[in-house]
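Visitor: here is my input; please provide its structure:
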Amino acid sequence: MKKIIVFSILISLLFFSSLFSANHGITNTTSSPHVKLRSVDFDDVEWTEGFWADKFKVVSEVTLPTMWELLKDPEISHAWTNFRIVAGLEDGDFKGTPWYDGDVYKFLESVVYVYAHTKDEKLDVLMDEMIDVIGKAQADDGYITTFIQIGKGKRTGGEGGQSPYSPYNINKRWQNLHHHELYNMGHLMTTGCIHYRITGKTTLLNIAKKTADYLYDVFKSRDPKLAHFGFNPSNIMGAVELYRSTNDPKYLELAQIFVDMRGSRPGGDDQNQTRTPLREEDEAVGHAVTAAYLYCGAADVYAETGEKALLDALKRIWENVTLQKMYITGGTCAIHIGVTSSGDKSHEAYGREYELPNASAYNETCANIANGMWNWRMLGLTGEARYADVLEKVLYNSGISGISVDGKHYCYTNNLRWHGKESKLLKNDTYTRLPYLGCFCCPPNVFRTIAKVSGFAYSVSDNAVWVNLYGSNELNTELPDNTPVNLVQKSGYPWDGQVKITYNTSQKKEFSLYMRIPGWCDDATVTVNGQEIKAKVVSGHYVQLSRTWKKGDVVELSMSMAPQLMAANPLVEETRNQVAVQRGPVVYCLESKDLPQDVKVSEIMISHKIGLKPRFEKSFLGGITVLEGKANILPENNWSKTLYKPFKFSELKEIDLKLIPVYSWNNRGISSMTVWMPLHIKN
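Guide: Numbers count the residues shown, from 1 in each chain. Below you'll find the predicted structure:
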């Protein structure tokens, strides 16, 4: 009997040891069998100075406290108040959008990331307090969506405990996919896993497991009535994360059920990616956030199962997006309201092939970020640098353009051309950045992205470290064989193309260091201890450096960062005969604030011999490199009462030009802006 008890204890210890050694990465792929690259622990990387260190400082010191005040204020957001009402801590009605719960979970996830770096005890207390209320708001069976739980009419609180659920609330579950029940619960599950991995606490993880157990009971029968549920399907990612955190195969099965059910019965549509089963799809259609979340979830399922049909579909769709439906900034959400090629109405959606309008571009911040999340997963599955290129494009452009440089003002849509006060506001457009948006899903999303971007910087594989992103940071991690590795990176990237990485580990170790040569860079050199390497350095690929490393070894990467004039495929009609400007990974724009008052953005023409020169301005727009040169003006005549008239080529006038990174525009009041400018061929 004693032997049986001892054996049981050993098994339990082994199980819990596997739980608490879980990877702290953004997605825990340490044990995933079908990935090429694995995440490092989240807190293995610290930005020490420069671009991302500055951004992290802003979101941790400014965005976090101001956003929490917004979420708590019942007169502004009401998102947190909804939880307190369901928890029985307050009386009141539901206010806001059905997806408000997800805003709270994304904010909480962001706080976890900040805590991972700062270890601020006040944040630990805040997280505990939030988790306590969330737990009280959860129904006994695990269900939690405040929009449904509060229902119609006021909810009366009790003595700080959970009040009973009326029949109305129960009967209203799973009646409308736009109630975002799975979206909300998916973010809860992901946040529960991240909180557990970083703090070691199981409080939120247990709430997440209870929710997932409930979802499994609801969906395990694959009821055809529920086939089309999963609008903004963060639930797939959340279920896989729970599987990775607990080793319970039920949660992986749940994720597979969600993937299998989409498009499994007639009546679906392109808007929700339910017209065509994912494994048969070959193009990106419909709502760009729900699509990218689906692709992220499917990539996570593939990482655990290795089902080839899923990866094949994801690669086909990725080709469609990057070659026909993606902006130069990495944005993928072209259309406010439109119709797909199948005739389905769509909104916040991908356009048709090469349909990439500029002034009316939607490019919701959440969609841009979701594109980056998907490419991060594709990089892990394949080890191919082209996915890291898209991730980088998003991170330095469309992924952070939704937040102001001061960290407390936001925009929802991200146009590539804007006519200031003359612009007609479409859905969720605003003339200036605002401290609060009625649809608040994007602000916490951009917050959590900046807070966790250090987790994208490196990956590991068998006996190798992969450098995905550049910037001043320090990596302290272990290879899969538990060998410690410390790398110190120094770089002014993205403003400077010089990178220096020092191997700072005491013991000698033979392994490979893979350096990413960005796709935008066609002139790079790599040296080790001052000697140029013999391996071929190819744009858009990783270069492998294999040796027995010793403390003090230095790798240097030098990338040419001359500004480039970029052209679009001529099938993109809105940019034909126009150019955009890119330097390194950063896309630039012209803003009217940098022109004389009597000159319009629309009058500017760029010469192919413009010769732009970079200049770093530390105190301007949070610290940016501007590009300066000479452009031409083609004065506009009066068009107020005509649509067409004969073209008269006026004498061009030269003007000083100053371009800024597109993410930093709209920080100085109402203005006009353009990314694409007419090209003038100069003799």
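
Visitor: which residues touch the residue nearest the centre of the chain?
Guide: Closest residue to the average C-alpha location of the chain: residue 369 at 2.6 Å, with CA atoms, centre = their mean. Neighbour list for residue 369: 394, 399, 445-446, 449 [criterion: CB atoms under 8 Å, 6 or more residues apart in numbering]. For the C-beta atoms, the positions are set from N, CA and C on the backbone; glycine is no exception.

Visitor: ok, residue 251 next?
Guide: Applying CB under 8 Å, 6+ apart, the residues near residue 251 are 212, 216, 239-240, 242-243.

Visitor: distance-wise, check it relative to residue 412.
Guide: Going from residue 251 to residue 412 by CB to CB, to the nearest Å gives 33 Å.

Visitor: what's the answer for residue 283, then?
Guide: Relative to residue 412, and taking CB to CB, residue 283 is found at 26 Å.

Visitor: check residue 178 too.
Guide: Residue 178 sits 18 Å away from residue 412, going by CB to CB.

Visitor: so if I had to pick from these two, which one is more boxed in?
Guide: Legend: neighbour count by other CB atoms under 10 Å for residue 178 and residue 412, higher for residue 412 (24 against 13).

Visitor: tell me the pLDDT of that one.
Guide: The per-residue pLDDT reported for residue 412 equals 91.

Visitor: going forward can the numbers begin at 856, since that is how I track them
Guide: Right, with 856 as the first residue, what we last looked at is residue 1267.

Visitor: for the closest residue to it other than its chain neighbours, give its distance to residue 1209.
Guide: Among residues not flanking residue 1267 along the chain, residue 1283 sits closest, at 4.1 Å (CB to CB, 6 or more residues apart in numbering). Here the distance between residue 1283 and residue 1209 works out to 24 Å (CB to CB).

Visitor: residue 933 too?
Guide: Relative to residue 1209, and taking CB to CB, residue 933 is found at 41 Å.

Visitor: among those two, which residue is more densely surrounded?
Guide: Neighbours per residue, other CB under 10 Å: of residue 933 and residue 1209, the larger number sits with residue 933, 20 against 17.

Visitor: OK, contacts around the more buried one?
Guide: Counting by CB under 8 Å, 6+ apart, residue 933 makes contact with 950-951, 955.

Visitor: check it and give its pLDDT.
Guide: The model's pLDDT for residue 933 equals 93.

Visitor: against residue 1318, how distant is it?
Guide: Taking CB to CB as the measure, residue 933 falls 52 Å from residue 1318.

Visitor: which of the contacts of residue 1106 lies closest to residue 1393?
Guide: Checking the contacts of residue 1106 against residue 1393 with CB to CB, the nearest one is residue 1095 at 33.3 Å.

Visitor: doesn't that closest one fall inside a helix?
Guide: Yes: under DSSP: H, G, I helix; E, B strand; the rest coil, residue 1095 sits within a helix.

Visitor: how about residue 1511, secondary structure?
Guide: What three-state DSSP gives for residue 1511 is strand.

Visitor: kindly state the beta-bridge partners for it.
Guide: When bridges are called by DSSP bridges, residue 1511 pairs up with residue 1485.

Visitor: correct me, but it touches residue 1481?
Guide: No: if you go by CB atoms under 8 Å, residue 1511 and residue 1481 don't touch, sitting 11.7 Å apart.

Visitor: higher neighbour count, the two?
Guide: Per other CB under 10 Å, whichever of residue 1511 and residue 1481 has more neighbours is residue 1481, with 19 against 11.

Visitor: now the more buried one: how far from residue 1318?
Guide: 43 Å.

Visitor: now do residue 1449
Guide: Distance from residue 1449 to residue 1318, by CB to CB: 50 Å.

Visitor: those two - which one has more neighbours?
Guide: residue 1449 (19 against 14).

Visitor: tell me if I'm right that the more buried one and residue 1513 touch.
Guide: Yes: using CB under 8 Å, residue 1449 makes contact with residue 1513 at a distance of 4.2 Å.

Visitor: so which helix or strand of this structure has the lowest pLDDT on average?
Guide: Using mean pLDDT, DSSP states H and E, the weakest-scoring helix or strand in the chain turns out to be helix 857-875, at a mean of 36.

Visitor: how about residue 1206: what's its closest non-neighbour residue?
Guide: Nearest residue to residue 1206, sequence neighbours excluded (CB to CB, 6+ apart): residue 1189, at 3.8 Å.

Visitor: and the gap between that neighbour and residue 1088?
Guide: On the measure of CB to CB, residue 1189 and residue 1088 end up 21 Å apart.

Visitor: then residue 1411?
Guide: Residue 1411 sits 43 Å away from residue 1088, going by CB to CB.

Visitor: out of the two, which sits in the busier spot?
Guide: Between residue 1411 and residue 1088, counted using other CB under 10 Å, residue 1088 has the larger neighbour count: 30 against 18.

Visitor: am I right that that one is in contact with residue 1146?
Guide: No: taking contacts as CB under 8 Å, residue 1088 lies outside contact range of residue 1146: 9.4 Å.
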